[in-house]
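Chemist: fold the following, please.
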Amino acid sequence: MSGHSKFANIKHKKEKNDAARGKIFTILGRELAVAVKAGGPDPANNSRLRDAIAKAKSNNMPNDTIDRSIKKAAGNLDGVNYESITYEGYGPKGVAIIVETLTDNKNRSAANVRSAFTKGGGNMGTTGCVSFMFDEKGQIMIEKDDDTDFDTIELTAIEAGAEDINEEEEGYEIITSPDDFSSVREALENAGIEMAEASLTMLPQTYAKLTDEDDIKKMNRLLELLEDDDDVKNVYHNWDE
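Modeler: Model prediction:
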């Protein structure tokens, strides 16, 4: 999302209504199931599952819901058939958009994503048409409070392999390579440092501005349609909101 509203996005997501939160939990449950199928139900021996659990907790998913999702997936491995499909395209004025889905019906997902692009004044493109404008990174967000100590955060993160740490008004952003994400997240967790969000993401190399009110309305409509879709896992774009 925009580099100027990272913590605002986190707060917005966590304050969503029950219906939207249920959609987030649905996607998180699918991620847990896919992780269990890939490496087993024991997080001690499955780093992908550990990361999925951490992400679920950062989104306020209850522990018993997490446990049920893991047990359900472990007892029904043949039924876990979710497929990760990524779509790329353009919003108004060529804003670059990447849409990650986790679905059991790729035809439904493709149709819904295409419809969202059309209704939002954009269009779907071919694979690779905009992904070269983004860098895949691990991103960890830590909100400032009376207990946060920048020196401890910086030392812990750097020693675990973090690439960069950015201080913002509301907190700290830690950037890692995809390969080092798990080790950095776990080091912070073991140090008792609370994370507002921790996930692999796609960071835009440059940002695009929209000045026309109609374009802004269309872009907001496009993002709203995508984020309301139950199959959509993540939406990345380079719009400077």
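Chemist: how about the strands in this protein?
Modeler: Ranges of strands within the chain are 83-90, 96-103, 123-124, 134-143, 164-167, 171-176, 197-204, 232-237, based on DSSP state E.
Chemist: does Glu100 touch Thr86 like I think?
Modeler: Yes - using CB atoms under 8 Å, Glu100 is in contact with Thr86, at 5.2 Å. (Each C-beta comes from the backbone N, C-alpha and C, glycine too.)
Chemist: looking at the two, which one has more neighbours?
Modeler: Neighbour count, other CB atoms under 10 Å: between Glu100 and Thr86, Glu100 has more, with 18 against 14.
Chemist: so what's that one bridging to?
Modeler: Thr86, Asn234 (DSSP bridges).
Chemist: measure it to Met202 for me?
Modeler: Going from Glu100 to Met202 by CB to CB, to the nearest Å gives 8 Å.
Chemist: quick one: residues contacting the closest residue to Arg108 other than its chain neighbours.
Modeler: Once flanking residues are discounted, Arg108 sits nearest to Asp231: 6.9 Å by CB to CB, 6 or more residues apart in numbering. The contact partners of Asp231, by CB atoms under 8 Å, 6 or more residues apart in numbering, come to 101-103, 105, 108-109, 112.
Chemist: Asn45 too?
Modeler: Gly39.
Chemist: distance of it from Ala38?
Modeler: 12 Å.
Chemist: quick one: the longest helix seen in the chain to strand 96-103, angle?
Modeler: Ranked by number of residues, the top helix in the chain under DSSP state H is helix 18-39. Relative orientation of helix 18-39 versus strand 96-103 (axes from the mean of the first three to the mean of the last three CA atoms, to 10 degrees): 70 degrees.
Chemist: now do helix 18-39 against strand 197-204: the angle between them, please.
Modeler: Using the same axes, to 10 degrees: helix 18-39 against strand 197-204 is 90 degrees.
Chemist: quick check: the residue of the chain most remote from its centre vs Pro92, distance?
Modeler: Most distant from the centre of the chain: Asp212, at 28.2 Å, with distances by CA atoms, centre = their mean. As for Asp212, its distance to Pro92 is 8 Å (criterion: CB to CB).
Chemist: circling back: filter the contacts of Asp231 down to the buried ones, PyMOL style.
Modeler: In PyMOL, the members of the contacts of Asp231 classed as buried (16 or more other CB atoms under 10 Å) are selected with the following command:
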select buried, resi 101+102+103+109+112
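Chemist: how's the chain carved up into domains?
Modeler: 6-79, 83-130+207-237, 133-204 (automatic domain parsing).
Chemist: need those domains in JSON lines (columns: mean pLDDT).
Modeler: Formatted as JSON lines, these follow (pLDDT from 0 to 100):
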{"stretch": "domain 6-79", "mean pLDDT": "84"}
{"stretch": "domain 83-130+207-237", "mean pLDDT": "96"}
{"stretch": "domain 133-204", "mean pLDDT": "93"}
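Chemist: got the contact list for the residue farthest from the centre of the chain?
Modeler: By CB under 8 Å, 6+ apart, Asp212 lies in contact with 92-93.
Chemist: how near is it to Lys93?
Modeler: 8 Å.
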